[in-house]
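K.L.:
Predicted model, plus sequence, below.
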Amino acid sequence: MIPLIAQVSADGLQVEPGWYMALAAVLFAIGATGLLLRRNALVMFMSIELMLNAVNLTFVAVDSGLGSLEGQISVLFVMVVAAAEVTVGLAIIVAVFRKRATASVDELSGLKG
Amino acid sequence: MPNQYFGDYITVLVFMAVGAIIVGGAVVAASLLAPNHPNKTKSEIYECGINPVGGGWSQSHIRYYIFALLFLIFDVEAIFIFPWALKVESFAEAGMGGFIFVEMVIFIVILLLGLVYAIRKGVLRWE
Amino acid sequence: MIDYHALAPELILAGTVMAVLIVDMLPVRKHWTAVVGLLGLFATVVPILTLGFCESLDFCDYSGSREMFGGSYVIDAFSLALKGLFIGSAFVAVLLSVGYLESNRFWQGEFYFLMLASVLGALVMASSRDLVTMFVGLELVTGPTFLMAGWRKGEARSNEAALKFFIIGVLSAAVLLFGMSLVYGVTGELTFTGIRAGSVGVLDGDLSGLFIIGVLFTILGFAFKVSAVPFHFWTPDTYEGAPTPVTAYLSVISKTAGFVGLLAICYLAFGEVTTLWGTGLWVLAALSMTVGNLIALRQTNVVRLLGYSSIAQGGFILVPFGAAIAADVTGSDLEEAFFATVTYLVIYAFMNLGAFGVVIAVGNRLRSAEIKDWAGLFSYAPGLATMLGLFFFSLAGIPPLAGWFAKFVMFRSVLASGSGWAGALAVVAAVNSVIAFYYYSKVVVSAFMEKVPDGVPVAEIREQRTAPSLQFALVLTTIGVVVIGFYPTLISGLAEAAKTFASGF
């Protein structure tokens, strides 16, 4: 049986909330993979943003299913925190770049865990 | 016609297909009809007469980053003002107008403090 | 209306944060930022005390716990005890930083601004009882520390520490947040009490898969923050590369905040589904102790040694809970476990901050944190060497120093729960205490017994004086470690805090 993805109603096309959750999970997985595999710090930032936006999508999808507002308000907080994090991260990258003239994480191996 | 909703989209699809045929047909007809004698001088840049120097990628000054960072953070902070603006009237009706106004004033003063700090540290000076 | 008395600690600290920023803009000497910060931290203690002793005060007519914003924010004995701990540790951490920043000519104003903002986040975390408040508090704690870790801007190792810390920190935040969003998706609630009520029987329902992933991701995110093994690999690099006062801050305040968040979420929100994470805590505790200690054995650098030792200490902090869950202890019987953990956190703050204070003082003179360069420290800096011995033996848990009492209550709570798995964890902890004693004493023995290596400018070092602020910090922590060791009843007030928290479970 093919699962129900969307149905047509008087308001237009309605996608089932569960599929938004699935999409969010896929986006999160792509972001996590990108963060672990890519070696350019800026691309890693984009992956982080992708992960955080997957979270936002989950919150909003849940809210559309439940008809509540709490998740949508959470999204505002997540967005602001994400922006603050990226600001901090870019500042660190600028500092690294001034010192090393590279944005590749592999070059940074002075400290051995 | 399955229903009205998809019906609207079929109009769009037909329109796109007609557009693609006209543009594609024009390109194909031009390549069939036009004479074609390529040589080296023809493919040179002629507009300003000077050959390009250096690579296509150039470094931008680090100052752009700092401006971008400042813009990003102030831009996103503004998000908190929107829900406040939606709720301000109902709070005023409940007799808490002064309270909610002072709250937003405090928020904006904190943001302004950050801006004053950036100015004081000379970040916004463009030399 | 809003209870401003209950919010006073946070409000005063927020005011202090802005005051520090303003002082930094004024044309005065930069050490005034530190003075303002210290005064602000001192002022924050006042409302914490008036809230804590509300019953015996005339003007304060409210007792018990105060719930605000629909149960999202709770001020009770537990959160007040932790706030006191955070403020006290922050006071010492600022004192540790003053001399270090001045003598190395680092930027000062922004540093205290960031540190106090981070402490504000810790205060928020202690009281927050819903997912989003907890997340915002956690990010406020960690965000500034990324920058503080890279404070030695000109040095590649500090930059590297900051970047690694940032990437791991943000990854863990994203994982944590994804877990939270799934938990919200299944229960439809953000407050801990709501989640707890909504999670009854959810494991038998259709959405059990989502809920399990949500709970595991949430706990995973916190495991990164408290650097529990196997999520610890960023810790030693960051600790070594960051400026030493920042390392002290990270290993005490930011770590404690992580534990507070972990315990609050586990017990208050996921209290109905202990089967999901009980074993996990047991394993995290056992692994953190063992792996942290075994790698610490091989370290030649004091800062890295303290980094791995703090991973191991984190394991000890988790022991009472791992044991309590394994023994299926619930309700008011958990009091013992909470008391053990809070006591351990308080004593750990004293001794770890003190140990880092000694590292900063000695590092300033020797320009090295290698253990072999520290040999014979006693012969030319007897005071510092004695304190080194004091703090390291306290960390090892030798009576009559405070660390002994921390270990004692930990073992007492484990044995009180009395089950096979709890006993097994007690055995692991006991073996690890012995291993830890070996590497702590190795450093102390080297400092007291061995010959001074060639090339150490002994005469020059004798002339040098420790910065007054650092001396003050060392005196404070020394008094704490010695006095609590001799009179452990001093911190028995924490039992009250433990009772409040356990009653919520």
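P.N.:
Great, that's in hand.

K.L.:
where does the chain have low pLDDT?
P.N.:
Just so you know, I chose chain A. In the prediction, chain A carries residues with pLDDT under 70 at positions A:1-15, A:100-113.

K.L.:
Sorry, I should have been clearer: chain C.
P.N.:
C:1, C:55-64, C:326-333, C:418, C:495-498, C:500-505.

K.L.:
ok, which stretches of it are strands?
P.N.:
Assigned by DSSP state E, chain C shows strands spanning C:66-68, C:73-75.

K.L.:
what about C:L39, how many residues close to it?
P.N.:
Around C:L39 there are 12 other residues, counting by other CB atoms under 10 Å in any protein chain shown. Just so you know, the C-beta spots here come from the backbone N, C-alpha and C atoms, and that holds for glycine as well.

K.L.:
before we move on, what about C:Y380?
P.N.:
Neighbour tally, C:Y380, other CB under 10 Å: 17.

K.L.:
still on that earlier bit, of the strands of chain C, flag the one that's most buried.
P.N.:
strand C:73-75 (a mean of 24; mean count of other CB atoms under 10 Å in any protein chain shown).

K.L.:
Any part of that strand near chain A?
P.N.:
No: counting by CB under 8 Å from any CB of the partner chain, chain A has no neighbours in strand C:73-75; the shortest distance is 14.5 Å.

K.L.:
For residue 34, give me phi and psi.
P.N.:
This is for chain A. Dihedral angles of A:G34 (phi, psi; degrees, to the nearest 10) stand at phi -60, psi -40.

K.L.:
wait, chain B
P.N.:
Dihedral angles for B:A34 - degrees, to the nearest 10 - are phi -70, psi 140.

K.L.:
Okay, now the unreliable bits of chain B?
P.N.:
Using pLDDT under 70, chain B drops low at B:1-6, B:45-60, B:62, B:127.

K.L.:
What are the buried residues along the longest helix anywhere in chain A?
P.N.:
Taking DSSP state H as the criterion, chain A has its longest helix at helix A:70-100. By neighbour count on 16 or more other CB atoms under 10 Å in any protein chain shown, the buried set for helix A:70-100 is A:70-71, A:74-78, A:80-97, A:99.

K.L.:
of these, list those near chain C.
P.N.:
Answer for the buried residues of helix A:70-100 near chain C (CB under 8 Å from any CB): A:70-71, A:74, A:77-78, A:81, A:84-85, A:88-89, A:91-93, A:95-96, A:99.

K.L.:
Going by distance to A:N56, which of these wins?
P.N.:
A:V78 (5.7 Å; CB to CB).

K.L.:
Touching, that closest one and C:L177? I think so.
P.N.:
Yes: using CB atoms under 8 Å, A:V78 is in contact with C:L177, at 6.5 Å.

K.L.:
what's the closest non-adjacent residue to C:S158?
P.N.:
C:R152 (3.8 Å; CB to CB, 6 or more residues apart in numbering or on different chains).

K.L.:
quick one: that neighbour from A:L57, how far?
P.N.:
Using CB to CB, to the nearest Å, we find C:R152 at a distance of 39 Å from A:L57.

K.L.:
nearest spatial neighbour of the residue in the stretch 401-505 of chain C positioned nearest to chain B, skipping sequence neighbours?
P.N.:
Per CB to the nearest CB, C:S469 is where the stretch 401-505 of chain C lies closest to chain B, at 25.2 Å. Leaving aside its sequence neighbours, C:S469 sits nearest to C:V98 (CB to CB, 6+ apart; 4.0 Å).

K.L.:
Can I get the strands of chain C in CSV including distance to chain B?
P.N.:
CSV is the format used below for the strands of chain C (distance: least, CB to the nearest CB, whole Å):
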stretch, distance to chain B
strand C:66-68, 15
strand C:73-75, 16
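
K.L.:
rewinding a little: so the longest helix of chain A, near chain B or not?
P.N.:
Yes: Helix A:70-100 lies within reach of chain B by CB under 8 Å from any CB, at A:I73, A:L76, A:M79, A:V80, A:A83, A:A84, A:V86, A:T87, A:L90, A:A91, A:V94, A:R98.

K.L.:
hmm, back to that, would you mind grabbing the residues shared as contacts by A:V78 and C:L177?
P.N.:
Taking CB atoms under 8 Å, 6 or more residues apart in numbering or on different chains as the criterion, A:V78 and C:L177 both touch A:L52, A:V55, C:F135.

K.L.:
Tell me the one of those nearest chain B?
P.N.:
A:L52 (12.4 Å).

K.L.:
top helix in chain B by residue count?
P.N.:
If you go by DSSP H, chain B has its longest helix at helix B:4-33.

K.L.:
That one: what's the following helix or strand?
P.N.:
Under the assignment DSSP states H and E, the closest C-terminal helix or strand after helix B:4-33 is helix B:62-77.

K.L.:
and the direction of that following helix versus that of helix A:70-100, what angle?
P.N.:
With axes from the mean of the first three to the mean of the last three CA atoms, to 10 degrees defining the directions, helix B:62-77 sits at 170 degrees from helix A:70-100.

K.L.:
how about helix B:62-77, does it get close to chain A?
P.N.:
Yes: under the criterion of CB under 8 Å from any CB, chain A is reached by helix B:62-77 at B:I62, B:Y65, B:I66, B:A68, B:L69, B:L72, B:I73, B:D75, B:V76, B:E77.

K.L.:
quick one: the residue nearest to C:S158 and C:F106 touch, right?
P.N.:
Yes: contact between C:R152 and C:F106 holds when scored by CB under 8 Å: they sit 7.0 Å apart.
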